[in-house]
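Chemist: Below is the sequence, then the predicted model.
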Amino acid sequence: MKIEDFLRDIPNFPKEGILFKDITPLLLNHEATKFCLNTLASTLKDRKIDKVVGVESRGFFFGTLLAQELNAGFVPVRKPKKLPYKTISASYALEYGTDSLEIHIDAIQPGDKVLIHDDVLATGGTAEAVCKLIEQLGGEIVQVNFLMELSFLNGRNKLTGKEIFAAITY
């Protein structure tokens with residue numbers, strides 16, 4: 001089975017010139033979803049993970065499944081003003097301007113072994129911001145984990161020193 005066979009290309013979404021990789025066909029197929037989950041968890045089977053951090057929003061799909069698979073808690077990282085309790089935030093650069101992400105202040109305890117999961121590693125700004133949040137709370141990042149990596153955008157350069165795994169690389 002190949003995960004790529006369950007992804008759909010959507011040209012010019014969300015804007016002109018972008019080729020969007022739609023994961024909804026993958027999510028529709030339970031066998032493909034399980035295969036993808038096993039692939040994402042394959043490098044973590046013998047490692048202790050206390051928390052899986054899923055990045056809004058497509059990182060939630062496999063992030064929650066990974067947490068269950070690894071017997072870990074799940075922590076959502078969200079856009080500003082989406083979490084109900086006290087938060088800390090980190091900003092990151094966009095093509096035009098900046099954005100930020102937030103996490104509850106009590107979501108990660110010092111020493112927690114953390115897996116970060118998101119759907120795509122592109123320019124690396126989002127993942128870098130999430131790493132800063134985890135480290136600010138005292139968590140130890142075990143791996144930064146992605147469904148796919150767009151290697152031509154060099155996102156790994158912003159994650160120097162971090163272990164990175166992507167199920168698919170373009």
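Modeler: It's in.

Chemist: and D46, that's in a strand?
Modeler: No. Read with DSSP: H, G, I helix; E, B strand; the rest coil, D46 is coil and lies in no strand.

Chemist: Could you check how far it is from E56?
Modeler: 29 Å (Cβ to Cβ, to the nearest Å). Placement of C-beta: from N, CA and C, glycine included.

Chemist: So for those two, which sits in the more crowded spot?
Modeler: Each of D46 and E56 has its neighbours counted (other Cβ atoms under 10 Å); E56 has more, 17 against 5.

Chemist: wait, that one sits on K82?
Modeler: Yes. Counting by Cβ atoms under 8 Å, E56 touches K82, with 7.3 Å between them.

Chemist: show me the contacts for the residue nearest in space to the middle of the chain.
Modeler: The centroid of the chain falls nearest to D118 when counting by Cα atoms, centre = their mean (1.6 Å). Residues in contact with D118 (Cβ atoms under 8 Å, 6 or more residues apart in numbering) are 54-55, 58-59, 63, 126-127, 130, 144-147.

Chemist: from those residues, which is closest to K21?
Modeler: The closest of the contacts of D118 to K21 turns out to be L147 (Cβ to Cβ; 8.6 Å).

Chemist: The chain: strands as residue ranges?
Modeler: Here the chain has its strands, by DSSP state E, at 8-11, 19-22, 51-55, 73-77, 87-94, 97-104, 113-121, 140-149, 164-169.

Chemist: Any chance of the ones you listed in CSV with distance to K34 and mean pLDDT as columns?
Modeler: Listed next are the strands of the chain as CSV, based on distance: least, Cβ to Cβ, whole Å; pLDDT from 0 to 100:
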stretch, distance to K34, mean pLDDT
strand 8-11, 19, 97
strand 19-22, 19, 95
strand 51-55, 17, 98
strand 73-77, 18, 98
strand 87-94, 32, 93
strand 97-104, 28, 94
strand 113-121, 16, 98
strand 140-149, 14, 98
strand 164-169, 13, 98
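
Chemist: Tell me which of those strands lies nearest to M1.
Modeler: strand 164-169 (11.7 Å).

Chemist: quick one, the closest one and strand 140-149 angle?
Modeler: Angle of strand 164-169 versus strand 140-149, following axes from the mean of the first three to the mean of the last three Cα atoms, to 10 degrees, is 10 degrees.

Chemist: Distance check, K132 against T126.
Modeler: Taken as Cβ to Cβ, the span from K132 to T126 is 11 Å.

Chemist: How much space separates K2 from A32?
Modeler: Counting by Cβ to Cβ, the gap from K2 to A32 is 9 Å.
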